[in-house]
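K.L.:
my questions are about this predicted structure, shown below with the sequence.
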Amino acid sequence: MSKVAFEETMGRIAAAIADKPVDGELAAFLNKTFSADGADFKAVEALCREGEKDGWICEREMGDIRFGRVVKPGASAGRFSVDVVRMKDVKGPHHVHPNGEIGMIMPVAGDPKFDGMGRGWYVDPPGSDHWPTVTGGDAYVLYLLPEGKIEFTGK
C-alpha cells in the first residue's frame with residue numbers, strides 16, 4: 001500500500017509542475033507549495049523510510065550510496081522519473097542533467113547538506129552538472145528527472 005501512496009503523492013506533485021520551466025522559480029514554487037513543513041513533503045519522507053525498509057526504495061547499492069528508480073517516466077509522475085538515493089557523508093558520481101533535475105532533500109540523521117543545501121527542494125537547470133555530495137549526516141535525496149534523462153560522465 002505504501003508504494004501506491006508514494007506514487008499518488010509524487011503524481012500530485014508532478015502534475016503541479018508538469019508545464020513549468022526547470023529553473024529557480026520552480027524551486028521557489030515547490031518550497032512554497034510543497035514546503036518541507038507541509039503534509040505532502042512529510043508524507044514522501046515517511047514513505048521513503050517505509051519503502052527502504054520494505055525494499056522498494058534504494059534497493060541497489062554502490063559503495064556508500066543506496067539508490068533506485070521508483071517511478072519510470074510516463075507512469076504515475078507523468079513525464080518525470082522519480083529516483084531516491086540515500087547518502088551519508090559521501091560524494092556521488094559526476095553527472096549531467098540534460099533536462100534539469102528537481103529534488104527533495106530529506107534528512108535521516110545529523111544535519112546533512114546536499115550540495116550545501118538543507119531540508120527542502122532544489123532545482124538544477126537543464127545542462128547543469130555536479131558530483132552530488134552529502135556532508136554532515138545521512139539523507140534521502142529524491143529527484144525527478146524530466147523524461148528520466150541523466151548522463152553519468154565517469155569523471
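P.N.:
Sure thing, it's come through. Keep in mind the model is a prediction, meaning the values are calculated, not measured.

K.L.:
C-alpha from now on. contacts and neighbour counts both.
P.N.:
OK.

K.L.:
next one: Ile57 from Ser2, what distance?
P.N.:
The gap separating Ile57 from Ser2 is 11 Å, by Cα to Cα, to the nearest Å.

K.L.:
same drill for these two, tell me which one is more crowded.
P.N.:
Taking neighbours as other Cα atoms under 10 Å, Ile57 and Ser2 compare with Ile57 leading, 23 against 15.

K.L.:
what ranges do the helices span in this structure?
P.N.:
Secondary structure of the chain (DSSP state H): helices at 2-17, 24-33, 39-54.

K.L.:
which helices and strands does the second one pack with?
P.N.:
Using 3 or more Cα pairs under 8 Å, 6 or more residues apart in numbering; DSSP states H and E as the contact criterion, the secondary-structure elements in contact with helix 24-33 are strand 120-124.

K.L.:
pLDDT wise, what is the residue lying closest to Lys91 once chain neighbours are set aside at?
P.N.:
Once flanking residues are discounted, Lys91 sits nearest to Thr133: 4.2 Å by Cα to Cα, 6 or more residues apart in numbering. As predicted, Thr133 sits at a pLDDT of 96.

K.L.:
for Thr133, which residues are in contact?
P.N.:
The contact partners of Thr133, taken as Cα atoms under 8 Å, 6 or more residues apart in numbering, are 87, 89-92, 113-115.

K.L.:
of those residues - the most surrounded one?
P.N.:
Scoring the contacts of Thr133 on neighbours with other Cα under 10 Å, the highest-scoring entry is Phe114 at 27 neighbours.

K.L.:
go ahead and confirm that residue touches Val134.
P.N.:
Yes: distance between Phe114 and Val134: 4.5 Å, which falls inside the contact criterion (Cα atoms under 8 Å).

K.L.:
quick one: low-confidence parts of the chain?
P.N.:
In the predicted model, the chain carries pLDDT under 70 at residues 1.

K.L.:
list the buried residues for stretch 147-155?
P.N.:
Of the residues in stretch 147-155, those buried under the neighbour-count criterion (16 or more other Cα atoms under 10 Å) are 147-150.

K.L.:
quick one: contacts of it?
P.N.:
By Cα under 8 Å, 6+ apart, the residues outside stretch 147-155 that reach it are 72-74, 79-82, 93-99.

K.L.:
give me the buried subset of those.
P.N.:
In the contacts of stretch 147-155, burial by neighbour count holds for 72-73, 79-82, 95-99, counting by 16+ other Cα under 10 Å.

K.L.:
any buried residues in stretch 6-14, and which?
P.N.:
Counting neighbours by 16+ other Cα under 10 Å, stretch 6-14 gives 6-7, 9-11, 13-14 as buried.

K.L.:
thank you, goodbye.
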